[in-house]
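Novice: only the shape, not the letters, is given here:
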């Protein structure tokens, strides 16, 4: 039913929402990466890093680094 209305599976939608929230949290630079992982629903920071890299093409630390440099 979810796929019929959203054109994506529930798990894909959940992953997308988690990664978009993680990007926002990483840009704020207030929390450690393991804290960001926990805030978006990952128990294991390593699993979060793998999922984040798959979604964005870079690691969480690299993403944060790029956003910080872009802001300065």
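Specialist: In hand now; what should we look at? These figures come from a predicted structure and were not determined experimentally.
Novice: use CA for all of it now, contacts and neighbours both
Specialist: Noted.
Novice: strands along the protein, start to end?
Specialist: With DSSP state E, there are no strands along the chain.
Novice: pLDDT weak spots in it?
Specialist: Across the chain, residues meeting the criterion (pLDDT under 70) sit at 72.
Novice: name the helices or strands packed onto the lengthiest helix in it?
Specialist: In the chain, taking DSSP state H as the definition, the longest helix is helix 10-28. For helix 10-28, the elements it packs on are helix 33-39, helix 45-56, helix 60-71, judged by 3 or more CA pairs under 8 Å, 6 or more residues apart in numbering; DSSP states H and E.
Novice: so which of those is nearest residue 4?
Specialist: Taking CA to CA, helix 45-56 is the member of the helices and strands packed on helix 10-28 nearest to residue 4, at 23.0 Å.
Novice: give the buried residues for the closest one.
Specialist: Neighbour-count burial for helix 45-56 flags 48, 49, 51, 52, 53 (criterion: 16 or more other CA atoms under 10 Å).
Novice: for the residues you listed, which one is nearest residue 24?
Specialist: Ranked by distance to residue 24 (CA to CA), those are led by residue 52 at 12.5 Å.
Novice: quick check: that closest one vs residue 39, distance?
Specialist: Separation of residue 52 from residue 39 (CA to CA, to the nearest Å): 14 Å.
Novice: what of residue 13?
Specialist: 17 Å.
Novice: now do residue 18
Specialist: From residue 18 across to residue 39, the span is 9 Å (CA to CA).
Novice: who has more neighbours, these two?
Specialist: Applying other CA atoms under 10 Å to residue 18 and residue 39 shows that residue 18 carries more neighbours, namely 19 against 15.
Novice: that one contacts residue 38, correct?
Specialist: No. Between residue 18 and residue 38 there is no contact under CA atoms under 8 Å: 10.5 Å.
Novice: for the spatially most central residue of the chain, which non-adjacent residue is spatially closest?
Specialist: Nearest residue to the geometric centre of the chain (CA atoms, centre = their mean): residue 19, 2.7 Å. Nearest non-adjacent residue to residue 19, counting by CA to CA, 6 or more residues apart in numbering: residue 52, 6.4 Å away.
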